[in-house]
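Chemist: What shape does this take:
(one chain, ligands or ions: 2)
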Amino acid sequence: TVNIDFTGDTRILTVSNQKGGVGKTTSAVNVASALAGLGAKVLVIDLDPQGNASTALGVPHNADTPSVYDVLIDDVPLADIVQQSPEDKNLFCAPSTIHLAGAEIELVAQVAREHRLRRALDAYLVDSPMDFVIIDCPPSLGLLTINAFTAASEVFIPIQCEYYALEGLSQLLGSIQMIQKHLNPGLHLSTILLTMFDGRTRLAQQVADEVRTHFPDQVLDTVIPRSVRVSEAPSFGQTVIAYDGQSAGAVAYREAAVEIASRTATQSKEK
Ligand code: ADP
Ligand code: MG
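Modeler: Ligands and ions are numbered 1, 2, ... in the order given. Below you'll find the predicted structure:
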């Protein structure tokens, strides 16, 4: 059993990687659910118009559902749109809807367009303190992702252990530096998680070794194995933690959550 103290400041992590299909959403919802299982209060903000995080957390998000779109574009308070996940009383979701697809364009004309999520979140946390906020980003470096970078203090990058894993990473690191310089000096890369790992291939091991060499302090010891249970869970409106808590994927995501929680916000800042 683990005893973790969640009395510090809210840790705000943005799960980012401009490649699609690398495990961003899967990692966001499963780490969030596992953290909630450890006793933390966790809000997931679904910033991807696809709404996969909302689906996996069992939260309705049809076209009429009040969503992050209303927060970013129409100044609706986050408190008005946040829903509790049926999975855990400590787990909450700010859902995305298809309307968010238009937000990328509509934000361009907005006042303080890069800061809209940060402002909404600051106001929300006053009355609804959270231990963790986890933002699931779309696979692009547009204004939605920039809003996430501006609102967060930590960047969490899932990396799929495959051939071109590191390609594009320098672009992402460049974007983080640009955000640090112009919008959010406190932003830093705190966490890298190797996902969909298949230990039977030499390639997966090589990619893992290479990432660890480049980012020794950020890469979690835990590696997420490729597992059918992980990919099945969302179609039941669940994370794998709820869907099959004994499966290898669920065990790994719980271990990853313990590692993340054990690094205090200060520790992860020093890295
Ligand atoms: P992203 O959000 O980066 O686009 P997803 O989290 O949606 O990526 O994952 C892409 C696909 O891979 C999804 O179909 C998901 O179910 C599947 N997937 C993610 N992690 C695993 C895993 N550990 N094992 C098997 N399938 C996985
Ligand atoms: Mg996704």
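Chemist: then stretch 75-85 to CSV, C-alphas only?
Modeler: Extracted in CSV, the C-alpha atoms of stretch 75-85 (Å, rounded to 0.1, in the frame of the first residue of the first chain):
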residue,chain,number,x,y,z
ASP,A,75,-16.8,32.9,-20.6
VAL,A,76,-19.0,30.3,-19.0
PRO,A,77,-17.4,29.3,-15.6
LEU,A,78,-15.7,25.9,-15.5
ALA,A,79,-17.9,25.0,-12.5
ASP,A,80,-21.0,25.1,-14.7
ILE,A,81,-19.6,22.5,-17.1
VAL,A,82,-17.6,20.1,-14.9
GLN,A,83,-19.1,16.7,-14.4
GLN,A,84,-18.3,14.0,-11.9
SER,A,85,-17.1,10.8,-13.5
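Chemist: So what touches that stretch?
Modeler: 33, 43-44, 57-60, 65-68, 70-71, 91-95, 120-121, 123-124, 127-128 (Cβ atoms under 8 Å, 6 or more residues apart in numbering). Quick note: C-beta positions are derived from backbone N, CA and C, even for glycine.
Chemist: cool, and stretch 118-133?
Modeler: 6, 8, 10-13, 32, 35, 40-45, 71-72, 77-79, 82, 92, 112, 147, 150-152.
Chemist: List buried residues within those residues.
Modeler: 6, 10-13, 32, 35, 40-45, 71-72, 78, 82, 92, 147, 150-152 (16 or more other Cβ atoms under 10 Å).
Chemist: which residue ranges form the strands in the protein?
Modeler: For the chain, the strands defined by DSSP state E occupy 11-15, 42-46, 83-84, 91-94, 132-136, 154-160, 188-197, 219-225.
Chemist: strands paired with the second one, and their directions?
Modeler: I take that to be strand 42-46. strand 91-94 (parallel), strand 132-136 (parallel) (DSSP bridges).
Chemist: likewise the third one?
Modeler: Using DSSP bridges, the neighbouring strands of strand 83-84 in the sheet come out as strand 91-94 (antiparallel).
Chemist: Nearest residue to T191 in space, please, no chain neighbours.
Modeler: F156 (4.3 Å; Cβ to Cβ, 6 or more residues apart in numbering).
Chemist: What number of residues are in the vicinity of the one you found?
Modeler: For F156, the neighbour count with other Cβ atoms under 10 Å is 25.
Chemist: now Q206
Modeler: 13.
Chemist: How much space separates the residue in the stretch 151-271 of the chain that ligand 2 sits nearest to from V126?
Modeler: Residue of the stretch 151-271 of the chain nearest ligand 2, by Cβ to the ion: P158 (9.7 Å). According to Cβ to Cβ, to the nearest Å, P158 and V126 sit 30 Å apart.
Chemist: what's the distance between L38 and ligand 2?
Modeler: Remark: distance between L38 and ligand 2 (Cβ to the ion, to the nearest Å) = 23 Å.
Chemist: mind checking pLDDT for that residue?
Modeler: pLDDT for L38: 96.
Chemist: hang on, isn't it packed against E255?
Modeler: No. If you go by Cβ atoms under 8 Å, L38 and E255 don't touch, sitting 11.2 Å apart.
Chemist: These two - which one has more neighbours?
Modeler: Higher neighbour count among L38 and E255: L38, with 20 against 17, using other Cβ under 10 Å.
Chemist: which ones are touching that one?
Modeler: 2, 4, 6, 257-258, 261.
Chemist: and S128, how many neighbours?
Modeler: Using other Cβ under 10 Å: S128 sits among 13 other residues.
Chemist: With adjacent residues omitted, what lies nearest to F132?
Modeler: In space, F132 is closest to V42, 4.6 Å off (Cβ to Cβ, 6+ apart).
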